[in-house]
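Asker: just a sequence and a predicted model for now, questions to come.
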Amino acid sequence: MRTNGGRRRPTSRTTFLRQRRVTASSDVAEPPHPGSRSRGRLRAVALALLAAVAVLGVVAAWWLQPQPVLPEATASLASTSDVAFAEVDGRLEWRPANGEYETGFVFYPGAKVPAAAYGPAAQAIAAQGYLVVVMPMPLNLAVLDIDAADRALAAHPEVTSWAIGGHSLGGAMAAQYVGTHPGRIDGLALWAAYPATDLSSAPLSSVTAYGTLDAGADRMAGAEARANLPDDAVFVAIEGGNHEQMGWYTGQPNDPPATIDRADQQRQVVDATVEMLASLSD
């Protein structure tokens, strides 16, 4: 603004300072609202939780990956001249081809092991005159369906004597089934397993078969296992056998290599089980 013949009016010091204060105040950012900090922290926590869940999911998927079965297991899912095979409501069943049997044997697979892995042994037992029912388990874990045997027993009212058995975790859960269903089961076969429940007073024929090279052999045949079973329980030590060769699968972690072949170990397991089954009709 010009006055007095076009000369600029001097700016007063007060006006100048006021302008500087306005300019300075406009250059200072407003402090963040407390709510925005909370939202940021919540987003960070949510992302961390999602990442943790994703990692746990990957680990669980890896851990629950079933063990691969061998060709012999797949081949056993068929009828032969001596044995009839059928898959009924998810159950894998083998029976004598002539249809004549009185005793049934329900079997629980080991942890992470598909039911088919026990097909060759089931087929061999059925050829001796028994109904054999192998129960597939949710996520291949018998602990998730301990009462699975109920379905087999209900489906076969023609059976007069029932035995139950299982491998490893499946054996422990089979023993628990016996304890919670008194009077329904006459025989128990533990394959590389031991009972976690007291069955010492149960009217029960019992056999425990285990490989001497199994890392858990001492516990399977130890004082605690014997104390939880009837006094006449039979223990069969398979010299040179391990944990994995109780079935027809591979990849058992932390399992020492066997010094006998799988067929030999399987023969001994089958013989021990059939001997127990035969005692039920004596």
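Answerer: Nice, thanks for sending it over.
Asker: quick one, helices of this protein?
Answerer: Under the criterion DSSP state H, helices of the chain are mapped to 13-27, 34-63, 71-75, 119-126, 149-155, 169-180, 217-220, 223-227, 262-279.
Asker: of those, which shows the lowest average pLDDT?
Answerer: Here the lowest mean pLDDT among the helices of the chain goes to helix 13-27, at a mean of 50.
Asker: residue closest to the middle of the chain?
Answerer: Nearest to the geometric centre of the chain sits residue 141, at 2.6 Å (CA atoms, centre = their mean).
Asker: next, count neighbours for the closest residue to that residue other than its chain neighbours.
Answerer: Spatial nearest neighbour of residue 141, chain neighbours left out: residue 111 (5.7 Å); criterion: CB to CB, 6 or more residues apart in numbering. Yep, even glycine has a C-beta here, placed from its N, CA and C like the rest. Here the count is done by other CB atoms under 10 Å, and residue 111 has 19 residues near it.
Asker: cool, residue 121 as well?
Answerer: The number of residues packed near residue 121 is 25, by other CB under 10 Å.
Asker: equivalent analysis for the one 4 residues further on, please.
Answerer: A count of neighbours around residue 125, defined by other CB under 10 Å, yields 25.
Asker: any idea what the residue nearest to it when sequence neighbours are not counted is bridged to?
Answerer: Nearest residue to residue 125 in three dimensions, chain neighbours excluded: residue 132, at 5.1 Å (CB to CB, 6+ apart). Beta-bridge partners of residue 132, counted by DSSP bridges, are residue 94, residue 105.
Asker: got the confidence number for residue 132?
Answerer: 98.
Asker: is it correct that it is in contact with residue 126?
Answerer: Yes - Residue 132 is in contact with residue 126 according to CB atoms under 8 Å; the separation is 4.8 Å.
Asker: how much space separates the nearest residue to residue 122 once chain neighbours are set aside from residue 259?
Answerer: Counting by CB to CB, 6+ apart, residue 132 is the residue found nearest to residue 122 once chain neighbours are left out, at 4.2 Å. Distance from residue 132 to residue 259, counting by CB to CB, to the nearest Å: 28 Å.
Asker: quick one, which of those two is more surrounded?
Answerer: Using other CB under 10 Å, the more surrounded residue of residue 132 and residue 259 is residue 132, with 32 against 12.
Asker: next up, the contacts around that one.
Answerer: Shown in contact with residue 132 (CB atoms under 8 Å, 6 or more residues apart in numbering): 93-95, 104-105, 107, 122-123, 125-126.
Asker: same list, those, but as JSON lines with distance to residue 164 please.
Answerer: Below are these laid out as JSON lines (distance: CB to CB, whole Å):
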{"residue": "93", "distance to residue 164": "15"}
{"residue": "94", "distance to residue 164": "16"}
{"residue": "95", "distance to residue 164": "17"}
{"residue": "104", "distance to residue 164": "9"}
{"residue": "105", "distance to residue 164": "7"}
{"residue": "107", "distance to residue 164": "8"}
{"residue": "122", "distance to residue 164": "13"}
{"residue": "123", "distance to residue 164": "18"}
{"residue": "125", "distance to residue 164": "13"}
{"residue": "126", "distance to residue 164": "16"}
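Asker: out of the residues you listed, who's nearest residue 166?
Answerer: Nearest to residue 166, judged by CB to CB, of the contacts of residue 132 is residue 107 at 6.0 Å.
Asker: what about the nearest residue to residue 152 once chain neighbours are set aside, neighbour count?
Answerer: Once flanking residues are discounted, residue 152 sits nearest to residue 133: 4.3 Å by CB to CB, 6+ apart. Residue 133 is flanked by 27 other residues according to other CB under 10 Å.
Asker: hang on, the earlier thing: between the contacts of residue 132, which sits nearest residue 243?
Answerer: Nearest to residue 243 among the contacts of residue 132, with distances taken as CB to CB, is residue 107, at 16.3 Å.
Asker: relative to residue 259, how far out is the closest one?
Answerer: Residue 107 sits 26 Å away from residue 259, going by CB to CB.
Asker: what is the neighbour count of residue 118?
Answerer: When neighbours are counted by other CB under 10 Å, residue 118 comes out with 32.
Asker: scratch that, residue 267
Answerer: Neighbour count of residue 267, defined by other CB under 10 Å: 15.
Asker: ok, now residue 196?
Answerer: 14.
Asker: for it, give me its contacts.
Answerer: Neighbour list for residue 196: 172, 175-176, 228 [criterion: CB under 8 Å, 6+ apart].
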